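> Let's see this in three dimensions:
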Amino acid sequence: MQLSFDHDVEAFRAEFVAFLAEHLPGEEEAAQRSESSAHVPDWARRWQRLLFDNGWLLPGNTPEFGGRNASVLQQYVFHEELSKRRIYHSFNPQGVGIIAASLLSFGTAEQQRQWAIPILRAEITAALGMSEPGAGSDLAGLRTKAVRDGDHYVVDGQKVWTSGAHHADVLLTFVRTDPDAPKHKGISVLLIPTGAPGVTRRPFPSACSPDDLDFNEVYFDGVRVPVANRVGPENEGWSVANGSLGHERTLLWLGFADRLQDLLGDFRPRTELDRDAYAGLVMDSYALRLLGSAALARESRGEQDVPALSVLKVLGSEAVQSAAERALDAVGTDGLAHPAVTSPPNPLNLEHFSGGWFERYLRSFSGTIAGGTSEIQRNIIAQRVLGLPRA
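Residues are numbered from 1 along each chain as shown. Now for the predicted structure:
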């Protein structure tokens, strides 16, 4: 299969390549590293703001929101050029890709002015408050409550696994506003400033390192939140949640394809079994790009096939995990060394994509969880792609 594009798409690519050649931050400028998914170093804030101001942050957006009304194929080549250089357009991916995007879809004009544009311009950063103890990926099981008190809500409860919360300025938080409604009803969405009285953030390390502080427990103790900070209608947060994750999933497969390509480039088969496993992973890589390109072509024709994205999510995330595990097995006990470097580092990327093999394997599990777990994706595939009945 050969993926080719019309002149307008290639002209769009050439314009972006020229922009990168002129403005890409240098290695010395990018010396300060990101400490979490909501910590954006000063140089990266300048870079993100430059992208926004020139319409290159999210090209599919309108110009006032950091884009240039790009088609889906133009957006694809934009991401393709970023991935070739292993460059992030934002070190606050949830803030830009989910939270600001959700505000553009569901927020008021004032919320977009007050929150979305500052997030997109890296003036503030944001984190996503979804998961809770005992609920995990089951958003409908959340118990954090928000009780209406005049023109405020009073919020009490706890979130967990909240990536970057200790560095974020605001949390897009899912709360229960009607405890008597069915599980998927009675949920609302609030923008909660992390500096508000009663908000406590406690970062905790991952299994990769005691210094790897991205996850947080977040506690809400009588936090007063203006009703004006509610995103969407009261008790209709389930629609906002589906829209939020939809923003995350559209081109998610491309990120997995890039990670898989990186792993294949760094994997050094030693035995016949290693080489056999490597060949299988190469086929996974081709299959992912083939299916992803077919989905891209359908979308460019205006054909919506949202359930098929679940197929790409499962294939991509699990192929990356399998590749990391195979590479770790091939290296043996040497792969347990930490810290270690297994790939040439890039100052505009995250270190853990070039860290030790055990770390790369551990981090592969996030792909099978974030954006909807593999179990949830398989349910979607079974019911909405294969047409199987519910158990």
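
> Give me the buried positions along stretch 195-212.
199, 201, 203, 206, 208, 212 (16 or more other CB atoms under 10 Å). Every residue, glycine included, has its C-beta placed from N, CA and C.

> Would you check the residues you listed and say which has the weakest pLDDT?
Taking these together, the minimum pLDDT is found at Cys208 (87).

> Am I right that that one is in contact with Glu351?
No. Assessed by CB atoms under 8 Å, Cys208 is found out of contact with Glu351, at 10.6 Å.

> Excluding its own residues, what touches stretch 206-221? List them.
35-37, 127, 129, 144, 155-166, 171, 173, 192, 198-205, 338-339, 352, 355, 359, 362-363 (CB atoms under 8 Å, 6 or more residues apart in numbering).

> go again using 7 Å as the cut-off
With CB atoms under 7 Å, 6 or more residues apart in numbering as the test, stretch 206-221 has contacts from 36-37, 129, 144, 155-166, 171, 198-205, 352, 359, 362-363.

> buried subset of those?
Buried among the contacts of stretch 206-221 (16+ other CB under 10 Å): 36-37, 129, 144, 155-166, 171, 199, 201, 203, 352, 359, 362-363.

> Narrow those to those in strands?
Judged by DSSP state E, strands contain the following of the buried ones among the contacts of stretch 206-221: 129, 155-160, 171, 199, 201, 203.

> Same list (those residues) but as TSV, adding distance to Pro63.
Putting these into TSV (distance: CB to CB, whole Å) gives the following:
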residue	distance to Pro63
Gly129	30
Val155	36
Asp156	41
Gly157	39
Gln158	40
Lys159	35
Val160	38
Leu171	28
Val199	34
Arg201	35
Pro203	37
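
> Quick check: the two most widely separated of those?
Maximum pairwise distance in these, criterion CB to CB, is 21.2 Å, between Asp156 and Pro203.

> What distance do you get for Pro210 to Ala165?
18 Å (CB to CB, to the nearest Å).

> quick one, phi/psi of Phe91?
phi -90, psi 10 (degrees, to the nearest 10).

> wait, doesn't it sit right on Arg46?
No. Phe91 lies out of contact with Arg46 (CB atoms under 7 Å); the separation is 11.8 Å.

> Give me the more crowded residue out of those two.
Using other CB atoms under 10 Å as the criterion, Phe91 and Arg46 rank with Phe91 on top: 26 against 14.

> Roughly how far does the more buried one sit from Arg298?
Counting by CB to CB, the gap from Phe91 to Arg298 is 32 Å.

> Same question for Gln261.
Gln261 is 23 Å from Arg298, by CB to CB.

> More neighbours: those two, which one.
When Gln261 and Arg298 are compared for neighbours, Gln261 comes out ahead with 17 against 14, by other CB under 10 Å.

> in which helix or strand would I find the spatially closest residue to the more buried one that is not a sequence neighbour?
Among residues not flanking Gln261 along the chain, Ser285 sits closest, at 6.4 Å (CB to CB, 6 or more residues apart in numbering). Using DSSP states H and E, Ser285 sits in helix 272-300.

> Over that helix, what's the mean pLDDT, rounded is fine.
91.

> Please apply the same query to stretch 331-340.
Mean predicted confidence for stretch 331-340 is 90.

> again, but for stretch 50-62
Stretch 50-62 comes out at a mean pLDDT of 97.

> Next, the buried residues of that stretch.
Buried-residue list, stretch 50-62, by 16+ other CB under 10 Å: 50-52, 55-61.

> Equivalent analysis for stretch 233-241, please.
For stretch 233-241, using 16+ other CB under 10 Å, the buried residues are 234, 236-238, 240-241.

> would you list those in a markdown table and tack on pLDDT, secondary structure and distance to Leu388?
Listed next are the buried residues of stretch 233-241 as a markdown table, based on pLDDT from 0 to 100; DSSP: H, G, I helix; E, B strand; the rest coil; distance: CB to CB, whole Å:
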| residue | pLDDT | secondary structure | distance to Leu388 |
| --- | --- | --- | --- |
| Glu234 | 96 | coil | 35 |
| Glu236 | 93 | strand | 29 |
| Gly237 | 93 | helix | 29 |
| Trp238 | 88 | helix | 23 |
| Val240 | 87 | helix | 28 |
| Ala241 | 83 | helix | 24 |
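
> Can you tell me which of these comes closest to Ser374?
Looking at these and their distance to Ser374, the nearest is Ala241, at 18.7 Å (CB to CB).

> Please name the residues that touch the closest one.
Ala241 neighbours (CB under 7 Å, 6+ apart): 139, 174.

> In terms of helices and strands, where is Val77?
helix 72-84.

> Let me know the angle separating that helix from helix 272-300.
Orientation check (axes from the mean of the first three to the mean of the last three CA atoms, to 10 degrees): helix 72-84 against helix 272-300 gives 150 degrees.

> Done for today, thanks.
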